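Peer 1: Model the following, please.
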Amino acid sequence: MGESPEACPQAFVEPAGAMADAARSVARQYFRQGLAIEDKADESPVTRADREAEAAMRAIIAAAFPDHGIIGEEYGTENPEAEYVWVLDPIDGTKRFITGNPLFGSLIALLRNKQPILGVIDMPILEERWLGATGRPTVFSDRQGSRTARVRPCPDLGAATILSTAPEMFQGANEPAFHRLREAAKLTLYGGDCFNYGLLASGFADIVIEADLAPYDYLAHAPVIIGAGGLMTDWQGAPLTLDSDGRVLCTGDTACHGAAVTLLAGTL
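Peer 2: Residues are numbered from 1 along each chain as shown. Below you'll find the model as predicted:
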């Protein structure tokens, strides 16, 4: 599984929360307001809210950590060779956002030497947030306050609930691999985007599996899941980094992780 990254410095935790607050404010301002929608080169939608939310987060990084790098979905990459690099997805689930669905989020990751050491999943409309940092438990916050998030036990793969955004993401050789895992589990549900990872961290699901993700789609989740007692790796069981291939596997119970990796590989 490789070496675990060292503990995340406390000095980065509060600014990460401030970034999530800033992105939340922008998203709430524009939610269900009939924004103009543009199509990017890959035909995915983007709005003024996506851009303003990322700009607000970048401004906080520039003021607090001018020597840090940034990789953002909307405004590209700055100083990627820095020791510390922030990875930003201002609105994960833009298709949900533009259709008035509240299950979209903002994602913030901090990498040290390409490994994630801090992650935030923020749900602006639900007012729920998961913050994970290496060396400390994941914290879940909502309108009732903050508390530790913890995965639930599920050592038997046959009793597991799988969450995934859409079956269409599993193409080519990924399709039969995903089918083997889905057939072994008890229940598979689609939809949710980043919210799925928070649900697993809080003990409401057992597996999240996805493919074809960009770094800003998955890096924030790893510290959240691991700090809640789970595992998040690529499909081969290796730790996630900036250079991972975009296929991710999360399990709440570490006992079923190896079985899931074996099924995905087709070596049973």
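
Peer 1: Helices along the chain, start to end?
Peer 2: For the chain, applying DSSP state H gives helices covering 13-30, 48-64, 94-98, 174-184, 195-201, 215-218, 221-227, 257-265.

Peer 1: For the first one, could you pull out the residues that count as buried?
Peer 2: Right, helix 13-30. Of all the residues in helix 13-30, those buried under the rule 16 or more other Cβ atoms under 10 Å are 13, 15-24, 26-27, 30. Using the backbone N, CA and C atoms, a C-beta is placed for each residue, glycine as well.

Peer 1: can you check the second one too?
Peer 2: Neighbour-count burial for helix 48-64 flags Ala49, Asp50, Arg51, Glu52, Ala53, Glu54, Ala55, Ala56, Met57, Arg58, Ile60, Ile61 (criterion: 16+ other Cβ under 10 Å).

Peer 1: Repeat that for the shortest one.
Peer 2: Residues of helix 215-218 classed as buried: Pro215, Tyr216, Asp217, Tyr218 (neighbour count, 16+ other Cβ under 10 Å).

Peer 1: which other helices and strands contact it?
Peer 2: For helix 215-218, the helices and strands in contact under the criterion 3 or more Cβ pairs under 8 Å, 6 or more residues apart in numbering; DSSP states H and E are strand 69-72, strand 84-92, strand 105-112.

Peer 1: So for Gln171, which of these sits nearest?
Peer 2: strand 84-92 (20.5 Å; Cβ to Cβ).

Peer 1: Paired strands for the closest one, with orientation please.
Peer 2: strand 69-72 (parallel), strand 105-112 (antiparallel) (DSSP bridges).

Peer 1: How about Thr251, nearest residue that isn't a chain neighbour?
Peer 2: In space, Thr251 comes closest to His257 once its chain neighbours are excluded; the distance is 4.3 Å by Cβ to Cβ, 6 or more residues apart in numbering.

Peer 1: Tell me which of the strands paired with strand 84-92 sits most buried.
Peer 2: strand 105-112 (a mean of 27; mean count of other Cβ atoms under 10 Å).

Peer 1: that older thread, now render the strands paired with strand 84-92 as CSV, adding mean pLDDT.
Peer 2: What follows is these, written out as CSV (pLDDT from 0 to 100):
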stretch, mean pLDDT
strand 69-72, 97
strand 105-112, 97
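
Peer 1: Same list (the ones you listed) but as JSON lines, adding distance to Met123.
Peer 2: Output for those, formatted as JSON lines (distance: least, Cβ to Cβ, whole Å):
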{"stretch": "strand 69-72", "distance to Met123": "19"}
{"stretch": "strand 105-112", "distance to Met123": "5"}
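
Peer 1: Between the two ends of stretch 67-86, what distance do you get?
Peer 2: 11 Å (Cα to Cα, to the nearest Å).

Peer 1: quick one: buried residues of that stretch?
Peer 2: 68-75, 78, 82, 84-86.

Peer 1: closest to Glu38 among the residues you listed?
Peer 2: Glu74 (11.0 Å).

Peer 1: Low-confidence bits of the stretch 1-150 of the chain, can you list those?
Peer 2: By pLDDT under 70, the weakly predicted segments of the stretch 1-150 of the chain are 1-5, 39-45.

Peer 1: re earlier: with respect to Phe204, which of the buried residues of helix 48-64 is nearest?
Peer 2: Looking across the buried residues of helix 48-64 and measuring by Cβ to Cβ, the closest to Phe204 is Ala53, at 26.5 Å.

Peer 1: Pretty sure that closest one sits against Ile91.
Peer 2: Yes. Applying Cβ atoms under 8 Å as the test, Ala53 and Ile91 come out as touching, 6.3 Å apart.
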